[in-house]
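Colleague: need a structure here:
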Amino acid sequence: MTAAENVCYTLINVASDSEPPSEVSLKTDLEKGEIKAKTEALKKVIIMILNGEKLPGLLMTIIRFVLPLQDHTIKKLLLVFWEIVPKTTPDGKLLQEMILVCDAYRKDLQHPNEFIRGSTLRFLCKLKESELLEPLMPAIRACLEHRHSYVRRNAVLAIYTIYRNFEHLIPDAPELIHDFLVNEKDASCKRNAFMMLIHADQDRALDYLSTCIDQVHTFGDILQLVIVELIYKVCHANPSERARFIRCIYNLLQSSSPAVKYEAAGTLVTLSSAPTAIKAAAQCYIDLIIKESDNNVKLIVLDRLIELKDHPTHERVLQDLVMDILRVLSTPDLEVRKKTLQLALDLVSSRNVEELVIVLKKEVIKTNNVTEHEDTDKYRQLLVRTLHSCSVRFPDMAANVIPVLMEFLSDTNEAAAADVLEFVREAIQRFDNLRPLIIEKMLEVFHAIKTVKIYRGALWILGEYCSTKEDIQSVMTEVRRSLGEIPIVENEIKKETGELKPEDEVSAAPAQKLVTEMGTYVTQSALSSSRPSKKEEDRPPLRGFLMDGDFFVAASLATTLTKLALRYVSIVQDKRKQNSFVAEAMLIMVTVLHLGKSSLPKKPITDDDVERISLCLKVLSECSPLMNDIFNKECRRSLSHMLTVRLEEEKLSQKKESEKRNVTVQADDPISFMQLTAKNEMTSKEDQFQLSLLAAMGNTQRKEAADPLASKLNKVTQLTGFSDPVYAEAYVHVNQYDIVLDVLVVNQTSDTLQNCTLELATLGDLKLVEKPSPLTLAPHDFANIKANVKVASTENGIIFGNIVYDVSGAASDRNCVVLSDIHIDIMDYIQPASCTDAEFRQMWAEFEWENKVTVNTNITDLNEYLQHILKSTNMKCLTPEKALSGFCGFMAANLYARSIFGEDALANVSIEKPIHLGPDAPVTGHIRIRAKSQGMALSLGDKINLSQKKANI
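Modeller: Here you go, the predicted structure:
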C-alpha cells in the first residue's frame with residue numbers, strides 16, 4: 001500500500017510555514033526536557049511522520065523516556081503517535097520494540113483513571129496488527145465490567161472492531177455482548193452493543209429486540225435510532241418479518257426525539273404502502289416541520305413530503321392532509337413557504353379547495369398588517385399567485401378571492417399589485433359572470449392606486465370591459481377626479497403665480513360638466529370628493545404622474561377614453577349625449593397634449609405618445625366602423641388568444657409531469673407477488689441506509705452513468721507527455737461543492753524516485769483542502785494520489801501544478817515535471833431552472849455584469865443553433881415553443897439557469913439567418929449574458945464561445 005492509500009483516522013492541522021527540526025534536537029528534548037518540552041517535541045515528531053519522514057531512531061527514545069510518563073496530554077499524543085508510526089519491518093514482520101508498547105497499553109487498560117482506559121480502548125479500534133492485540137484481550141474483556149459507562153461503551157466498540165477484523169481473537173464476541181446488553185442500564189453502552197449485534201449477529205439482535213419490543217418507546221433516542229435501522233434491514237431482507245415489527249415503528253413515530261421520528265417515518269413508508277401508514281408518516285413529517293426551528297430541517301422534511309406526493313398511490317392520502325400542510329406557513333422563512341404553497345397547490349382538489357382558499361385569504365390579509373419587509377412582499381406575491389392558480393383550476397372560487405385581492409391594487413409594492421392585476425385581467429376575460437363585481441371593485445380602489453404601472457393596467461381593464469352606460473360614466477368621473485382641474489396648464493400656472501389659493505381651489509375651480517341620464521349637464525367640483533390639498537405636491541394621482549413626465553400613462557388614458565367613447569356612441573342613441581361625451585374625452589386628450597408640450601412637466605412628452613394621443617383624437621373625430629372594430633374587438637381577441645395559448649402550455653407541462661409520474665405497465669409485464677418473491681430478488685431493491693451513506697460520502701451513482709458515453713474515461717485529463725520521466729493523468733470527479741482529483745502517477749524510469757510529491761495550486765474560487773503526501777516509486781511502478789478541492793462559486797476554475805522528486809543515489813537537485821492545466825467545467829454546477837417573465841425582466845434590470853458574445857458558428861439553422869446552445873450551457877429556454885416555431889429569418893429567445901450555489905444566470909439570444917448570402921450561410925447575431933457576479937457572466941461566455949465553434953450537430 002502506498003502512503004496515499006493508508007486509511008487515516010485522525011486529522012491534524014499542520015502549519016506549512018514552520019521549519020522542520022532536526023532529529024538530534026528532538027532526541028535531546030525527548031530524553032532530557034521538561035514535560036512541556038517533551039510535549040512539543042512529540043507534536044513535532046507526529047507532524048514530521050505525517051509529512052513522510054521515517055525517524056526510526058526516535059522510536060526507542062520515546063519508549064524509554066516518554067512512554068512511562070503519567071501526564072494525560074502526553075498519553076493522548078502517544079495514542080496518535082502509535083496510530084501513525086510504522087509498526088512493521090520492510091518485510092512485514094512486527095518490530096521487536098512494539099512488545100514493550102503492548103505491555104504499556106495493557107497497564108493503561110488496567111489504569112484507575114477511566115479517561116485513560118476509555119481513550120486507550122478507542123485507540124485499539126484503529127490497530128490493524130493482531131499480534132499487538134492478542135495479549136490485550138483479557139484486559140479488554142475486563143473493561144466490560146468497569147464501573148464507568150465511558151470505559152464500557154468504548155470496550156464494546158473495541159470488541160466489535162477486533163471481532164470484525166480478527167474474529168479468531170474473540171470468537172465468542174456476539175454471545176459476550178448479548179449477555180452484556182441484557183444486563184446493561186446505560187443508554188450509550190446499550191446503543192453500541194446493539195449496533196455491534198446488528199452487524200455481527202443479526203439473529204441475536206432480533207432475539208433481544210423481541211424480548212423488549214414493548215419497552216422500545218422508553219429507550220433513549222440513540223438506541224431507538226439503531227432499532228429503526230435494524231427493523232429496516234431485517235424487513236428489507238425478509239419481507240415476511242414486516243408484520244412482526246411494523247407496530248414498533250408506529251410506536252416510534254410518537255418518540256420525543258425528532259431524529260427518531262424522521263427515521264421511523266421514512267422506514268414506515270418503505271415498509272408499507274397502506275393508506276394508514278402513509279398518513280401516519282406524512283402526519284409525522286408535518287409535525288416535525290412545524291416543531292423544528294431549523295429551516296434546513298424544515299426544507300429536508302418538506303422534500304420528503306414532496307417525494308411522497310410524487311408517488312401516484314400516495315397522492316390521494318396526502319390530499320386529505322392539505323390543511324395540516326398549510327400550518328407550515330406559520331414559518332417566516334420564504335423558501336419554506338414557497339415549497340409549502342407549491343405542495344398544497346399540487347395536492348388541492350375539489351374536495352378541499354374551499355378550505356384552502358379561506359386559509360390563503362387569511363394569510364393575505366395578515367401580510368397587509370405586517371410592517372413592510374422584503375420577504376413580506378415576496379410572500380404576498382406567492383399567495384396571490386397561488387390564489388390565481390386555484391381560481392383558474394376551480395372557477396367557482398374566483399368570486400370569493402377577487403374582492404380580497406383587489407384591495408392590494410393600491411399596495412405600494414408594485415410586484416404584488418402587478419400579480420393581482422394580471423389575475424384580475426385573466427378573471428374578467430374568462431368569467432363573464434364576475435365582470436360586474438370586478439368593475440365595481442376596480443372603481444372603488446381606482447383612486448387609491450399609487451404606482452403608474454398598475455394605474456395603466458387598471459385603465460386598460462376599465463376601458464376594455466365597461467360595457468354599460470352607467471359604468472362608462474363612472475369611469476369618466478374617476479378619470480376627471482384623478483386628473484384634477486382642466487385645462488391643466490392654466491391651472492398649474494395659476495397655482496405657481498399664487499392667483500389660485502389651495503384653500504379656494506375647490507370652490508373656485510371651473511365647473512366640471514357631466515352628462516346625466518336625462519342628457520342634461522350637472523356641475524361637480526373636481527376635488528369636492530377629496531380633501532383640499534395643502535401642498536403643491538398633493539396633486540391627484542394621474543396629474544402627479546403627468547407632472548413627473550410619465551406620459552406613457554397618457555397614451556394609455558387616450559386609448560381607454562377612445563374605447564369608452566366609441567362604446568358609448570354605440571349604446572346611447574341621443575346625438576347630443578354622444579357628442580358631449582366624445583367632446584369631453586377629446587378635451588382631456590388635448591389638455592394632456594398641451595401639458596406635454598409645455599415646460600411644466602419634469603420631462604417633455606415623447607413623440608410616440610404624441611402620435612398615439614393624436615391618433616385617438618383622429619379616431620374620435622371620424623368614428624369610422626373599422627376603427628370601432630379594431631379598438632373594441634381586436635384588442636380583446638388578442639388577449640383571449642394569449643390566455644388560451646398560456647393555458648395550453650400549462651396543460652401540456654402538467655401532462656408531461658403526470659406522464660413522468662405515472663408508472664406505465666405493459667400488457668406482458670410479469671406481476672410480482674410479495675409472498676412468492678425469492679429472498680435474493682428482494683435484496684436487489686436499494687437499501688435506503690446504504691444510499692444515504694453513499695450520498696453523504698459523495699459516491700452517489702448518477703442515473704446517466706448507464707450511458708456508455710458518460711463513462712469515467714471522458715473525464716480523464718492527461719497531465720504530462722508519454723516521454724516524460726513521470727507520466728501523470730487525472731480523473732476529475734465533481735460532487736457538488738467538492739472536486740476529487742484522482743491522479744495516476746507512473747515512474748517511467750529505471751530509477752527509484754524518492755519524495756515524489758504532487759504540488760498543486762488553484763486559480764479562481766477553488767481551494768486546495770490538503771497537501772498530498774510524498775511517495776516513493778520503484779522503477780516502472782505506479783501509484784494513485786488523491787487531492788480534494790473545495791468550490792465556492794460558479795466560475796471557471798483552473799488547477800495547475802507540477803510533480804517534484806529526487807532520484808535515489810543522484811547528487812543533483814530535485815527534478816520537476818510541469819503538469820498541464822486542469823480546467824474545471826462550469827457546467828457541473830449549472831442546472832436548468834424556470835422563472836416568470838416579470839422575474840426575468842426584474843433580474844435583467846438588476847444584474848450589473850453583462851457579457852456580449854458574438855455568434856460565430858457553422859450551424860445554418862436558427863432553431864438548431866438554439867438547441868445546440870441550450871445543450872452546451874445547461875440553460876432552459878423560457879420563450880414558448882410556439883413563439884419560436886415557423887421561419888422568419890430571425891429569432892429572439894430568453895434563457896435561464898441557476899447554479900447549485902443559488903446564483904442566477906440570464907441570457908438573451910438574438911440571431912438571424914442572412915438570407916441574402918444564400919441557404920448555406922451560417923447563423924449570425926449576438927448572445928447577451930447577465931449575472932450578479934462577474935465570474936458567472938465571463939465563464940458562461942467562455943463556454944458559449946468554445947461550444948459554438950464545434951462542428952454542426
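Colleague: where does the stretch 251-400 of the chain have low pLDDT?
Modeller: Applying pLDDT under 70 to the stretch 251-400 of the chain flags the ranges 369-374.
Colleague: And the strands in it, which stretches?
Modeller: Counting by DSSP state E, counting those that start in this stretch, one finds no strands in the stretch 251-400 of the chain.
Colleague: tell me how far the helix or strand I177 falls within is from the chain's mean position?
Modeller: For I177, the host element (DSSP states H and E) is helix 173-183. Here the centre of mass of C-alpha atoms in helix 173-183, compared against the chain's by CA atoms, centre = their mean, to the nearest Å, lies 46 Å away.
Colleague: Is L753 in contact with N747, as I believe?
Modeller: Yes: look at L753 against N747 with CB atoms under 8 Å: they come within range, at 5.3 Å. Just so you know, the C-beta spots here come from the backbone N, C-alpha and C atoms, and that holds for glycine as well.
Colleague: Mind listing the shared neighbours of the two?
Modeller: Common neighbours of L753 and N747, using CB atoms under 8 Å, 6 or more residues apart in numbering, are 726, 777.
Colleague: Just name the shakiest helix or strand of this protein by mean pLDDT.
Modeller: Within the chain, judged by mean pLDDT, DSSP states H and E, the helix or strand with the poorest mean is helix 505-508; its value is a mean of 38.
Colleague: coming back round to it: CA atoms only for the helix holding I177 - export them in PDB, please.
Modeller: Taking C-alpha atoms only, helix 173-183 is exported to PDB below (Å, rounded to 0.1, in the frame of the first residue of the first chain):
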ATOM      1  CA  ALA A 173     -17.900 -11.800  20.900                       C
ATOM      2  CA  PRO A 174     -21.700 -11.800  19.900                       C
ATOM      3  CA  GLU A 175     -22.600 -14.000  22.800                       C
ATOM      4  CA  LEU A 176     -20.500 -11.900  25.200                       C
ATOM      5  CA  ILE A 177     -22.100  -8.700  24.000                       C
ATOM      6  CA  HIS A 178     -25.600 -10.100  24.100                       C
ATOM      7  CA  ASP A 179     -25.100 -11.000  27.800                       C
ATOM      8  CA  PHE A 180     -23.700  -7.600  28.400                       C
ATOM      9  CA  LEU A 181     -26.700  -5.900  26.600                       C
ATOM     10  CA  VAL A 182     -29.300  -7.800  28.700                       C
ATOM     11  CA  ASN A 183     -27.800  -6.600  32.000                       C
END
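Colleague: Quick check: which helices or strands does the next helix or strand after that helix pack against?
Modeller: Using DSSP H and E, the helix or strand that directly follows helix 173-183 along the chain is helix 187-200. Under the contact definition 3 or more CB pairs under 8 Å, 6 or more residues apart in numbering; DSSP states H and E, helix 187-200 sits against helix 149-165, helix 173-183, helix 202-211, helix 221-237.
Colleague: for L127, what are its contacts?
Modeller: Contacts for L127 were tallied using CB under 8 Å, 6+ apart; they are L133.
Colleague: Can you tell me how far it is from L181?
Modeller: According to CB to CB, to the nearest Å, L127 and L181 sit 25 Å apart.
Colleague: likewise I63?
Modeller: 38 Å.
Colleague: same check, this time on R567
Modeller: Distance from R567 to L181, by CB to CB: 87 Å.
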